[in-house]
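**Q** Just need the structure, nothing else, for what follows:
(2 chains)
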Amino acid sequence: MKISIASGKGGTGKTTLSTNLSAYLTEKSTVVLADLDVEEPNSGLFIQGKLVNTEDKYKMIPEWKEEACTLCGLCQEVCNFNAVIRLGTQIMVFPQLCHSCYACSELCQSSSLPMISQKIGQISHYKRGKLDFVESRLDVGEEQAVPLISQTIKYIDQHFSQTRFKIFDAPPGTSCPVIEATKDSDFIILVTEPTPFGLHDLKLAVETMRSLNKAFAVVINRYGIGNDEVLEYCQNEKKRLLAKIPNSRRIAELYSRGELVFNQIPEMAQALKDIEDYLLKLSAKVLS
Amino acid sequence: MKEIVVISGKGGTGKTSITAAFAVLAGSDIVLADCDVDAADMHLLMKPDFAQKETFYSGETARIIQNNCTSCGKCLEVCRFNAISIIHDQYIVNPLSCEGCGYCARVCPTETIVNEIPKIGEWYISKTRTQGTMVHAKLNIGADNSGKLVAKVKNEARQITENLGKEIILIDGSPGIGCPVVSSLSGASFVVLVTEPTVSGLHDLIRVCQLIKNFNLPAGCMINKSDINPQKSKEIMAFLNENNIPLITELPYNEQFSAAMTMGKTIVEIEDKQLSELIAKAWNTITNKYV
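**A** Numbering: from 1, shown residues only, chains lettered A, B, ... in the order given. As a prediction, the model looks like this:
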């Protein structure tokens, strides 16, 4: 069962919940955690497992072969992303703009734009106790997160078909990277905080999950700051509230040092237990 | 004209709250641009009036006109994004997966696929509650956040700044290191990095610093919640030192941040003067020393 942990707003506690929940769930279930926030992957800072495998990941881009090229300019014409441009007697490729659609390459009459691979990032597979952890990291300078996210999900599908819980730490926002990270999931946990920013972005995240037709529930982090509007929203809109994690300077301090908190904060362990109870029931339903 | 861009790499460091506080201090001296268009929040603090509203179209999405489709399957064959599927014997494009490359339309023998330019959001020119001018936007759910809307907001802000004869554009940038943040940074005169002394704050700071180094942009750093982990704050300062990035200020952990937000105010408008003095000093340093 795939569970994405997402939030509209950044910094609400997605990574805190992903890492702590994953570690907690391993006591009863098989679990793999994948960090799909590839622009800024942080889960690994809290998991610190033993490296078992690492793979470079690539995207395909066209490479100009001068010899047979007739400079007809079709490549430039078919590229919707301005990634291939004819300049005088040269064809120039801009890898950052390329979406790997293959149109220029496959439509070229003289086969002058074969596709080659270009590294965009890296997947690293770690083990911490019983927990498997897969980190996906976009190279700085690469602008497109989506191709790497989709390859990471493929890696999870290939290696963890029998694993009970596949937890995805999703990127923030409501645009293409978060869609990619959540569209295959069976269930989404939306993490928010009880502030006006939290509420505003929760509503956007809810809309996003609705557009994908996903089942979801809400976890309120840093409960106690701000106001009750998020709570009222969940009640009025009949959104399932899975847990409330209390606001605590102690949690913030433990987080700042890269520590998992559930062993030291009973309220966190309780919140995770509530979530686990729900997920176990849900996974029994999904599997049956 | 100078562009000050505030970014953070990591979300939740206080970037938007701090930028809004700067905007309140500067009032109508600056033009404010919210380039964090994916889940934009600045408007919650600045209460813009949405006086002028424009729809933004960008990219392409394929659509198959069912009547003419012969179900030859060529489109499905060439699509690299799994955006075309057969549902009840009909070839259908899933707009959320379609990247708009146009390859399917090009190979369709019956010209039955059209490329439509989707509406990806809206942008606005507003007066804020503190009488400043603000350019901002709303990205649609699931839209391709290619940075085009960010570029639009910036360009409009530049135009307005010039027309109004102002000198400074203050820009709330996007999180991460991908295309929206690259778009936010283009043309920046000075980058304000907002971070926090946590393992992830430092990790993400290092990555955005690599990015701004690639673009050769001058930057300064603000450490928010600095006392939550003094050791980590020291590590951040050492990193800044090595990279010749000045420390603008340190702000203590203070729950007034969220208290102010709950009142719809910025941290320079509440009774607690500890933060407002530090923020005012930081804004002075940025505008007088670095820009």
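**Q** can we go C-alpha only for contacts and neighbour counts from here?
**A** Will do.
**Q** Could you list which residues are in contact with whichever residue of the stretch 151-291 of chain B sits closest to chain A?
**A** At 3.7 Å from chain A, residue B:198 is the closest residue in the stretch 151-291 of chain B, using C-alpha to the nearest C-alpha. Contact analysis of residue B:198 by C-alpha atoms under 8 Å, 6 or more residues apart in numbering or on different chains lists A:255, A:256, A:257, A:258, B:229, B:232.
**Q** okay, those residues in JSON lines with neighbour count, secondary structure and distance to residue B:4 next?
**A** Below are the contacts of residue B:198 laid out as JSON lines (neighbours: other C-alpha atoms under 10 Å in any protein chain shown; DSSP: H, G, I helix; E, B strand; the rest coil; distance: C-alpha to C-alpha, whole Å):
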{"residue": "A:255", "neighbour count": "23", "secondary structure": "helix", "distance to residue B:4": "30"}
{"residue": "A:256", "neighbour count": "22", "secondary structure": "helix", "distance to residue B:4": "28"}
{"residue": "A:257", "neighbour count": "18", "secondary structure": "coil", "distance to residue B:4": "31"}
{"residue": "A:258", "neighbour count": "20", "secondary structure": "coil", "distance to residue B:4": "32"}
{"residue": "B:229", "neighbour count": "20", "secondary structure": "coil", "distance to residue B:4": "28"}
{"residue": "B:232", "neighbour count": "20", "secondary structure": "helix", "distance to residue B:4": "26"}
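**Q** Let me know the closest of these to residue A:44.
**A** Using C-alpha to C-alpha, residue A:258 comes nearest to residue A:44 of those, at 9.2 Å.
**Q** Please identify the helix or strand for the residue nearest to the closest one when sequence neighbours are not counted.
**A** What sits nearest to residue A:258 in space, not counting adjacent residues and going by C-alpha to C-alpha, 6 or more residues apart in numbering or on different chains, is residue A:46, at 4.9 Å. Following DSSP states H and E, one finds residue A:46 within helix A:43-47.
**Q** what's that helix packed up against?
**A** Applying 3 or more C-alpha pairs under 8 Å, 6 or more residues apart in numbering or on different chains; DSSP states H and E, we find helix A:43-47 packed against helix A:14-25, strand A:131-138.
**Q** What separation do you get for residue A:91 and residue A:115?
**A** Computed as C-alpha to C-alpha, to the nearest Å, the residue A:91 to residue A:115 distance reads 14 Å.
**Q** Give me the next element, helix or strand, following the helix holding residue A:46.
**A** Following helix A:43-47 toward the C-terminus (DSSP H and E): strand A:50-62.
**Q** what is the mean pLDDT for that following strand?
**A** The average pLDDT within strand A:50-62 is 97.
**Q** thinking again about what came up before, now the residue of the stretch 151-291 of chain B closest to chain A: how far from residue B:30?
**A** Taking C-alpha to C-alpha, one finds residue B:198 at 32 Å from residue B:30.
**Q** Please apply the same query to residue B:230.
**A** With C-alpha to C-alpha as the criterion, residue B:230 and residue B:30 are 34 Å apart.
**Q** more crowded one of those two?
**A** Using other C-alpha atoms under 10 Å in any protein chain shown, the more surrounded residue of residue B:230 and residue B:30 is residue B:30, with 24 against 14.
**Q** what are the ranges of the helices in chain A?
**A** Counting by DSSP state H, residue ranges of the helices within chain A are A:14-25, A:43-47, A:74-78, A:103-107, A:146-159, A:176-182, A:196-211, A:229-236, A:249-256, A:266-287.
**Q** Would you mind giving the domain segments of chain A?
**A** With domains defined by automatic domain parsing, chain A comprises A:2-58+A:122-287, A:64-113.
**Q** Could you take those and lay them out as a markdown table, with extra columns for distance to residue B:36?
**A** A markdown table is the format used below for the domains of chain A (distance: least, C-alpha to C-alpha, whole Å):
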| stretch | distance to residue B:36 |
| --- | --- |
| domain A:2-58+A:122-287 | 10 |
| domain A:64-113 | 21 |
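**Q** Quick check: which of those domains is nearest to residue B:103?
**A** domain A:64-113 (5.6 Å).
**Q** Kindly report the residues of the stretch 51-200 of chain B close to chain A.
**A** B:79-81, B:96, B:99-103, B:139-145, B:175-179, B:182, B:197-200 (C-alpha under 8 Å from any C-alpha of the partner chain).
**Q** Helices - which of the residues you listed land there?
**A** Among these, the members falling in helices (DSSP H) are B:103, B:179, B:182, B:199, B:200.
**Q** how about those, which pair is most distant?
**A** Going by C-alpha to C-alpha, the pair spanning these furthest: B:103 and B:199, at 43.7 Å.
**Q** Test my guess that residue B:232 contacts residue B:195.
**A** No: in this structure residue B:232 lies outside contact range of residue B:195 using C-alpha atoms under 8 Å: 11.1 Å.
**Q** Quick check: neighbours shared by the two?
**A** residue B:202.
**Q** and residue A:18, how far is that from residue B:202?
**A** 19 Å.
**Q** Neighbour count for the two, which is higher?
**A** Higher neighbour count among residue A:18 and residue B:202: residue A:18, with 24 against 20, using other C-alpha under 10 Å.
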